[in-house]
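Peer 1: A structural model of the following input is requested.
(2 chains)
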Amino acid sequence: MKRKLTKSRVLFLAVAGAAVFLVPLLVNAQRAMDTQTLPGLATEGQRKNAQSGEIIDRNVVATGSKELQAMISLGDQLWHSRDLPMSGNGQACNMCHADGSVTHPETYPKYKPQLGKVVTVQEMMGWCIAIPNQGKPGPLGSKEMNALEAYMNWNNKGQVMEIGAAPSGI
Amino acid sequence: MSEKKDALDRLMTAELSRRQFMKMSAFTGIAASLGGLVTLDFLSPSDARGVMLGGGAKPFTFAVIADQHTMGPKNNYMKLRVERSVQEINKLDPKPDFIMELGDMVHDGSDEQMKFFDELLSPLKVPIKYITGEHDWYLDMGDSYSKHYGKTTYSWDHNGVHFIALMTVMLRDFWTARGLSADERMGIAGTLNHPLPGPFHVGEKQLVWLRDDLKNVKKSTPIIIFSHSPLYYYYKAWNFWTEDAPEVHLLLEGYETVQVIHGHVHHIVTNQIGNIKFASSLSTGWPHPYPTSGLPAGSPMMPRANPANIFGGLGWEKMQVGGAGAVDVGYREWSRENVS
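Peer 2: Numbers count the residues shown, from 1 in each chain, chains lettered A, B, ... in the order given. The predicted structure is shown next:
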C-alpha cells in the first residue's frame, strides 16, 4: 500500500523534523545566555569537574595566580606609601601594621564602634586611611582597596576564620 | 669557662684587632644563649637584689621621652602628642633632675623637622639630653643631629649613678654601591621591616670607647645605659635587634646594678640577661604591635592600642632611681592608669 503525500502529512513531517533539531539548539542557546549573563558561573562540565575535585581550568588558575601576585605587590607598595591618596599626614599603614600585623582580617565583618555598624574589613581599612592617615580611601572594590586587602590577607595566611571575634589582648 | 675569661682579657687589652673581635663574637653568641638561661633565675617579682647590693646612690627621678617621629606641620596628631608629653613633664612635682630623649625625634632626618621639634620642646623647664635614632641620622649621616643635639656617645655621673649614652643604630653601607640618594637611604633605613639594611650595630669604635669609659667605674657603681634600639636580640624581622649587643653585655659583666633603657619598639617590653635589666620606652609617634615571637619571658604586655584614640598606646616614662641605684620604671601610658 502506498501512502499519499498529502499536504497535511508533509507539513507534519516538516514540523516534527524541525522540532527534533531546533529544541536542543534552543536549550543550548539558553544555557549559553545564562553563563553570559551571570559571569563567573561555571558551565555544567566545569561543575562536574569541580565536584569530582579536579582543577576547573589550569589556564584560569595560572592567570588568577599571576593577577593575584600583581595585586599583592601593588598592595605592598600602597601599604608603605606616605603620600596621597594613601596618606595626608605622612603616616603609612606599615607603621602601625608592619607586615599586615594586628589587622585581623579573619574577624570581619564585625561591629566597629567608630563606624557604628557591622563593617567589612575593606570598610575598616577605609576608616584607617581616612582618619589616622588623613588620606583619601578609594571606593569599596576599587583596584587600590582590593590590592591593600590582598596584601593584608596574604600576610595573614593561615588564620582561622572567626567572624566577630575580638583579637586577644583587647 | 676559660674561653670566656680569655675573651674578656682580650677585650680589656688596649690593642683590639678586628680578628680578636671576630673571635670574640663567636664566643658572645654562646654567652647570649647562656644569658637567656640565666634570665629565668632572676625573674623574681621582688626587687630585693638591687636593694641588697647597695650602690650608694642618692634617690632621684628623671623623665624619658622617645620616638616622636614628628613630620612637621603636616602631621598634627604627632604635634599634639609631643605637646601633651611636654605639659605633663612640666607638671611633675618634684621636678625630674633631667629628661632623656631616646631618639627618632623626627621621621625624615631633616633640619626643618628638627627645628619644628625643638620648638615643641622649648617650653620644657628641665634640662634635656639626647641620643640619635635611625630616623634622625640617615638623611645626612648625623649632620643635622649634631647641629641640633650634639653628641650621641657620652657618659656622665649623677647622684652616684654612672650614665652612658650610646649610638646603637649603625647600619652597614647599603647605599653607596646601589647609588641611592640621601632621601632613598633615609626611607629604607627608616622602614623597620625593609630587607636591605640588616641589623643595627654599636660598632667596634664605640665598644672600645665603652671599654675605656668603664675602666674608671667601680663594679658597685650603678650604671644606667641609654640606647635607641633594644640592646639585645628581640625580633630581627623588624630590627628590634642590636647585632653586637652581646659584646656590650660582656663589657658590663661584674657590674652589680645595670639598667638599659631603650626606645625604638614603641611598646612596653622588659628583659633581663644576667646582671643587666632592660626596659623599653613608649613612643608618642604611633604604637608598634608586639611581634609574633621573641617577647622576653616575664615581660609585661600592654593591651592593643585603640586607633580611634589619638593617644592610645602612647606616652612617656618617669624613672625613680632608688638608693641602691635600681630603677623603678613608671610607664605613663595615656590610654591606661599609670603602670609600672
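
Peer 1: Chain neighbours aside, what residue packs nearest to A:Met152?
Peer 2: Leaving aside its chain neighbours, A:Met152 sits nearest to A:Gly100 (4.5 Å; criterion: C-beta to C-beta, 6 or more residues apart in numbering or on different chains). Yep, even glycine has a C-beta here, placed from its N, CA and C like the rest.

Peer 1: Quick check, the one you found in contact with A:Tyr151.
Peer 2: Yes: A:Gly100 is within contact range of A:Tyr151, at 6.5 Å (criterion: C-beta atoms under 8 Å).

Peer 1: coming back round to it: now for the residue nearest to A:Met152: which residues touch it?
Peer 2: Contact analysis of A:Gly100 by C-beta atoms under 8 Å, 6 or more residues apart in numbering or on different chains lists A:79, A:151-156.

Peer 1: now swap in B:Ala245 and tell me
Peer 2: B:32, B:202, B:230-233.

Peer 1: Can you check the pLDDT for it?
Peer 2: At B:Ala245 the predicted local confidence, pLDDT, stands at 98.

Peer 1: any idea how far it is from B:Asn239?
Peer 2: In this structure, B:Ala245 and B:Asn239 are 13 Å apart, going by C-beta to C-beta, to the nearest Å.

Peer 1: got it, and A:Leu148?
Peer 2: Taken as C-beta to C-beta, the span from A:Leu148 to B:Asn239 is 24 Å.

Peer 1: Check B:Pro94 too.
Peer 2: 37 Å.

Peer 1: Just want to know which of the two has more residues nearby.
Peer 2: B:Asn239 (25 against 7; other C-beta atoms under 10 Å in any protein chain shown).

Peer 1: Find the nearest non-adjacent residue to B:Met114, please.
Peer 2: Closest to B:Met114 by C-beta to C-beta, 6+ apart is B:His148, at 4.6 Å.

Peer 1: Show me what the helix or strand where that neighbour lies is packed up against.
Peer 2: Assessed by DSSP states H and E, B:His148 sits inside helix B:143-149. Packing partners of helix B:143-149 (3 or more C-beta pairs under 8 Å, 6 or more residues apart in numbering or on different chains; DSSP states H and E): helix B:111-121, helix B:134-137.

Peer 1: residue contacts, B:Pro94?
Peer 2: B:Thr61.

Peer 1: any idea how far chain A is from it?
Peer 2: 35 Å (C-beta to the nearest C-beta, to the nearest Å).

Peer 1: again, but for B:Ala279
Peer 2: 20 Å.

Peer 1: can you count the residues close to that residue?
Peer 2: Neighbour tally, B:Ala279, other C-beta under 10 Å: 23.

Peer 1: So B:Phe117 is in contact with B:Gly103, correct?
Peer 2: No: in this structure, B:Phe117 is not within contact of B:Gly103 by C-beta under 8 Å, at 11.7 Å.

Peer 1: So between these two, which is more surrounded?
Peer 2: Per other C-beta under 10 Å, whichever of B:Phe117 and B:Gly103 has more neighbours is B:Gly103, with 31 against 25.

Peer 1: can you tell me which residues contact the residue nearest to that one when sequence neighbours are not counted?
Peer 2: The shortest distance from B:Gly103 to any non-neighbouring residue, by C-beta to C-beta, 6+ apart, is to B:Gly133 (2.9 Å). B:Gly133 makes contacts with B:66-67, B:102-105, B:169, B:228, B:263-264, as judged by C-beta under 8 Å, 6+ apart.

Peer 1: mind checking how far B:Ile188 is from chain A?
Peer 2: 11 Å.

Peer 1: element containing that residue?
Peer 2: Element membership of B:Ile188 [criterion: DSSP H and E] is helix B:182-189.

Peer 1: What of B:Met100?
Peer 2: Element membership of B:Met100 [criterion: DSSP H and E] is strand B:99-101.

Peer 1: mind listing what that strand pairs with, with the direction of each?
Peer 2: strand B:60-65 (parallel), strand B:128-130 (parallel) (DSSP bridges).

Peer 1: what residues does the stretch 1-150 of chain B put near chain A?
Peer 2: Applying C-beta under 8 Å from any C-beta of the partner chain, we find that the stretch 1-150 of chain B lies next to chain A at B:71, B:74-78, B:107.

Peer 1: Please report which of the residues you listed has the highest neighbour count.
Peer 2: Among the residues of the stretch 1-150 of chain B next to chain A, B:Met78 has the most neighbours (other C-beta under 10 Å), with 28 neighbours.
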